[in-house]
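Enquirer: this one's structure only:
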Ligand SMILES: Nc1nc2c(ncn2[C@@H]2O[C@H](COP(=O)(O)OP(=O)(O)OP(=O)(O)O)[C@@H](O)[C@H]2O)c(=O)[nH]1
Ligand SMILES: [Mg+2]
């Protein structure tokens, strides 16, 4: 399963310091969550529009690319799917660096997987070394909503999201293709919104620097 994904990989030349594919922006999103919650199924549904009821546990990481357009911007979404089982921790954590968004995933019929969301968030923060932890975009996915036996209510999940940085929440089914596209597009929107904020902050600090220089000249002379 690991080597299969190399078919989907294509090099993105670096143009003017930013990684571009044609005119599209390359964004890396990473799926984290307990083993068996449906991370690989969500990625495969989104990229290949297939669902396999007999899928194997992931070992290490795999990734697939999909091009899309969000709010008029062309994006190549590089989706990194990780192994949720504890024994594969050392194989997945080196791949957290450079992620633009983290998709925290649980299964609505598995309470433990919901209770572990906080641990996944911590693990991501620890190994990704993100520059601005307060503003880093997360999206939460409650998968397997097609299952009748739920152990986690939608309200409970939304409350967790509120308490954890007001991240967007989607109830998904990789099996029925419910909200899968919406969830990945939301991840792109979160990244673009965060980048717009950074651009705005940079612009403001440039103006401040200019102002400071003027002030120091006055005090020098
Ligand atoms: N009913 C239902 N089953 C699902 C759904 N998504 C995944 N599954 C099933 O759940 C099982 C685990 O799915 P995976 O996608 O392999 O889970 P994973 O999160 O990638 O697991 P690891 O690779 O071990 O981390 C498989 O048998 C899938 O067919 C869903 O939305 N609904
Ligand atoms: Mg998997």
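Expert: Yep, that arrived. The model shown is predicted, which means the values in this text are computed figures rather than measured ones. Residues are numbered from 1 along each chain as shown. Ligands and ions are numbered 1, 2, ... in the order given.

Enquirer: Just confirm residue 158 is within a helix.
Expert: Yes. The assignment for residue 158 by DSSP: H, G, I helix; E, B strand; the rest coil puts it in a helix.

Enquirer: Enumerate every residue touching it.
Expert: Taking C-beta atoms under 8 Å, 6 or more residues apart in numbering, we find residue 158 in contact with residue 169. In this view, the C-beta of every residue, glycine as well, is placed from N, C-alpha and C.

Enquirer: Let me know the helix or strand that the residue lying closest to residue 135 once chain neighbours are set aside is in.
Expert: Nearest residue to residue 135, sequence neighbours excluded (C-beta to C-beta, 6 or more residues apart in numbering): residue 194, at 5.8 Å. Secondary structure from DSSP states H and E places residue 194 in helix 180-220.

Enquirer: swap in residue 80?
Expert: Going by DSSP H and E, residue 80 is in strand 73-82.

Enquirer: and the very next helix or strand once past that strand, which residues are buried?
Expert: Of the helices and strands lying after strand 73-82 in sequence (DSSP H and E), the nearest is helix 89-92. For helix 89-92, burial by neighbour count (16 or more other C-beta atoms under 10 Å) applies to residue 92.

Enquirer: any idea of the mean pLDDT in helix 89-92?
Expert: Across helix 89-92, pLDDT averages out at 97.

Enquirer: Give me the residues contacting that helix.
Expert: Where contact means C-beta under 8 Å, 6+ apart, the residues beyond helix 89-92 that reach it are 59-61, 82-83, 123.

Enquirer: Is it possible to mark the buried ones in those?
Expert: Neighbour counting by 16+ other C-beta under 10 Å classes 61, 82-83, 123 among the contacts of helix 89-92 as buried.
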